[in-house]
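>>> Next comes the sequence, and after it the predicted model I'd like to discuss.
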Amino acid sequence: MSTNINEFKEIFLKVKESGWIESHRKGNTGIGKTFEDCCDIVENNNDIPDFKDIEIKSQRNYTGSYITLFTKAPTYPLRANTTLRNSYGSPDPDFPDLKILHTSIFANKFNTYKNTYGFKLEVDEENRKILLLVKDLSSDTIIMNSVYWSYEVIKRIIETKLQYIAYITAKVKRENGNESFNFTKMVLLSNFTFKIFIELLKNGYIMFDIRIGAYKTGSKRGTSHDHGSGFRISKRNLHKAFNIETIE
């Protein structure tokens, strides 16, 4: 176990003892921003952990059955998510001239998107790639197989950013339009490896979730917005990927 874990446990418990804390930012990212500010952690969007060798993920108690392991656009081609959206997406209900693409892609089966396309991941061990395939459902033929992540890129992320994950949950209350958090529990996840990632991906326990929509308000209204497309795992399957310790 990391020598930094005990230090971070103490930091978490101090934040927990603080009780209700008003959000430091509006919107969905407010919870993570608030917790990291309370820990004196500088926000980062790169491929290094948030606190020494510990990656921090924060989420409201009531949200979602899946958690994001990491976000990473395909290695090839450049701007692959934009290519997928433009080629296979569907019109946004509010902005019909803009295509959006929301679909969850697994390696153990093709999915069905708008009864037109099927998406699937394929592990190519010989060439050390994770391919993203697109199938035309009407002809049952593969129409795209050029999009991929290299093993090296995924392995580097896992070994540098996901060795230790602190998954923080919080109760939420809203008063006068403001949101506040009471950080209640930390789940420490460890011992994740690239080999485990590949096996879970093959067996359908890890998926790639494409979540490309549109900005609905603000100066970017009507333009494309990637809401964090990434590799995700169900909370109920975390034990297949990690050693788990809960701090409450």
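That came in fine, so what should we check first? Source: prediction; values computed, not measured.

>>> OK, contacts around residue 154?
Residues in contact with residue 154 (Cβ atoms under 8 Å, 6 or more residues apart in numbering) are 72, 130, 194, 197. Bear in mind the C-beta positions are built from the backbone N, C-alpha and C, glycine included.

>>> how about the strands of the protein, start to end?
For the chain, the strands defined by DSSP state E cover 21-22, 54-60, 66-71, 90-91, 99-105, 117-124, 129-136, 141-150, 164-175, 178-190, 206-214, 224-226, 230-234, 243-247.

>>> Closest to residue 102 out of the contacts of residue 154?
Set against residue 102, the nearest of those by Cβ to Cβ is residue 72 (17.9 Å).

>>> Can you read off the backbone torsions of that closest one?
Main-chain dihedrals, residue 72, degrees, to the nearest 10: phi -160, psi 120.

>>> dump the residue contacts of it.
Taking Cβ under 8 Å, 6+ apart as the test, what residue 72 contacts is 149, 153, 154, 157, 230, 231.

>>> which residues are in contact with the lowest-mean-pLDDT helix or strand in the chain?
Least confident helix or strand of the chain, by mean pLDDT, DSSP states H and E, is strand 54-60 with a mean of 87. Strand 54-60 is contacted by residues 2, 4-5, 8, 31-32, 35-36, 39, 41, 49-50, 67-68, 161-162, 164-170, 172, 181, 183 when judged by Cβ under 8 Å, 6+ apart.

>>> what distance separates stretch 81-99 from the centre of its chain?
On the basis of Cα atoms, centre = their mean, to the nearest Å, stretch 81-99 sits 21 Å off its chain's mean C-alpha point.

>>> actually stretch 219-227, not the one I wrote
The answer for stretch 219-227 is 19 Å, by Cα atoms, centre = their mean.

>>> Can you get me the start-to-end distance on that stretch?
Stretch 219-227 has an end-to-end distance of 17 Å (criterion: Cα to Cα, to the nearest Å).
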